[in-house]
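Undergrad: Let's see this in three dimensions:
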Amino acid sequence: MADGVAVHTFGTRLRGAMRHFGPLCVGIDPHPGLLRAWDLTADVDGLEAFAEICVEAFDGRVALIKPQVAFFETYGSGGIAVLERTIGVLRGSGTLVLADAKRGDIGSTMDAYARAWLGDGPLGSDALTVSPYLGFGSLAPALDLADANGRGLFVLAATSNPEGAQVQRGLAADGHTIAQTMVDAAAAHNAGQEFGSVGVVVGATLTDAPDLSALNGPILMPGVGAQGGGPETIRRLLPESMLPAAVPNVSREVLAAGPSVPALRAKVDELRDQFAFLQS
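TA: Residues are numbered from 1 along each chain as shown. A predicted model of the protein is given here:
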């Protein structure tokens, strides 16, 4: 509830968008190498041109768009202004935006991050990636605000980077892995909902995944395409009953088709067809 008015949850909006547009989450990742490949300058002007091309190519055509916040922050206040405009245009047209900021802190600082990314300010997005490795309970301000505003979170659970295993595969007091503990906490938050708004991040390149059967929420799966993940790796990681919750995250493979807007759209269409089985 927000100000006593019922809001549509992020989970139900995302599931509707996935059924309509397919399950893809497409990244806006203005890496300096991509700017050069697109014949754009590695400055705020080039950043803005890159973002505008991505918006033209993807807005209203995919379920979820994920700007990688770090690549905008690199350019300081000018880069943040470009990010604000990008988020505003996408959300203004009804396209769901996931801010990939991976925020994670405690107390009033986490509350401030939540208000920045899940509130009604210029950076306010439909969902936010968060790191729970100060303890899942440290995410309480973000969880509370997401619930109040109809927004969502994607909690880092089992990431595909090799360093992640040092923490994520460690064992909690109950004998479960830390990654499983994070999934279970997200599942507890989603319990009783039609489709929960607290998703988890599980790398599509992993050899095995935590037990996701009770999650009742979306599973963001980075590592698709350039990093080696794809339809078959997702099939191996998830039981068939969980496939409709999978949200393959594609960035480099799509963006390599730019800067042509028709080429970017064609690549999205190609990948959408490859992952259509997730929603069948």
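Undergrad: for this protein, which spans come out with low pLDDT?
TA: By pLDDT under 70, the weakly predicted segments of the chain are 1-7.
Undergrad: residue boundaries of the strands in it?
TA: 25-28, 64-67, 96-103, 127-130, 152-158, 198-202, 219-221, 246-250 (DSSP state E).
Undergrad: wait, which of those strands is closest to Ala179?
TA: Nearest of the strands of the chain to Ala179, taken as Cβ to Cβ: strand 152-158 at 4.2 Å. Glycine gets a C-beta too; all of them are placed from N, C-alpha and C.
Undergrad: distance between the closest one and the chain's centre?
TA: Put simply, strand 152-158 sits 8 Å off its chain's centre (Cα atoms, centre = their mean, to the nearest Å).
Undergrad: and it, which strands flank it?
TA: In the sheet, strand 152-158 lines up against strand 127-130 (parallel), strand 198-202 (parallel) (DSSP bridges).
Undergrad: CA atoms only for the last one, dumped as CSV, please.
TA: This means strand 198-202. The C-alpha trace of strand 198-202 is given here as CSV (Å, rounded to 0.1, in the frame of the first residue of the first chain):
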residue,chain,number,x,y,z
VAL,A,198,11.7,-10.1,-4.5
GLY,A,199,13.7,-11.9,-7.1
VAL,A,200,17.2,-13.4,-6.9
VAL,A,201,20.2,-13.3,-9.1
VAL,A,202,21.5,-16.7,-10.2
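Undergrad: Turn the strands of the chain into a markdown table, including distance to Ala42.
TA: Shown next, in a markdown table, are the strands of the chain (distance: least, Cβ to Cβ, whole Å):
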| stretch | distance to Ala42 |
| --- | --- |
| strand 25-28 | 16 |
| strand 64-67 | 17 |
| strand 96-103 | 20 |
| strand 127-130 | 25 |
| strand 152-158 | 28 |
| strand 198-202 | 28 |
| strand 219-221 | 28 |
| strand 246-250 | 23 |
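Undergrad: Give the full set of residues in contact with Ser197.
TA: Applying Cβ atoms under 8 Å, 6 or more residues apart in numbering to Ser197 gives the contacts 9-11, 14, 127, 146-147, 150-153, 190, 217.
Undergrad: Going through these, which ones are buried?
TA: Buried residues within the contacts of Ser197, counting neighbours by 16 or more other Cβ atoms under 10 Å: 9-11, 14, 127, 146-147, 150-153, 190, 217.
Undergrad: What about Arg36, how many residues nearby?
TA: Neighbour count of Arg36, defined by other Cβ atoms under 10 Å: 12.
Undergrad: before we move on, what about Arg19?
TA: Number of residues near Arg19 (other Cβ under 10 Å) recorded here: 12.
Undergrad: Same question for His31.
TA: Look at His31: counted by other Cβ under 10 Å, it has 17 neighbours.
Undergrad: Now do the contacts for the closest residue to it other than its chain neighbours.
TA: The shortest distance from His31 to any non-neighbouring residue, by Cβ to Cβ, 6 or more residues apart in numbering, is to Phe71 (6.2 Å). Residues in contact with Phe71 (Cβ under 8 Å, 6+ apart) are Asp29, Pro30, His31, Leu47, Gly79.
Undergrad: can we see that at 7 Å?
TA: By Cβ atoms under 7 Å, 6 or more residues apart in numbering, the contact list for Phe71 reads Asp29, Pro30, His31.
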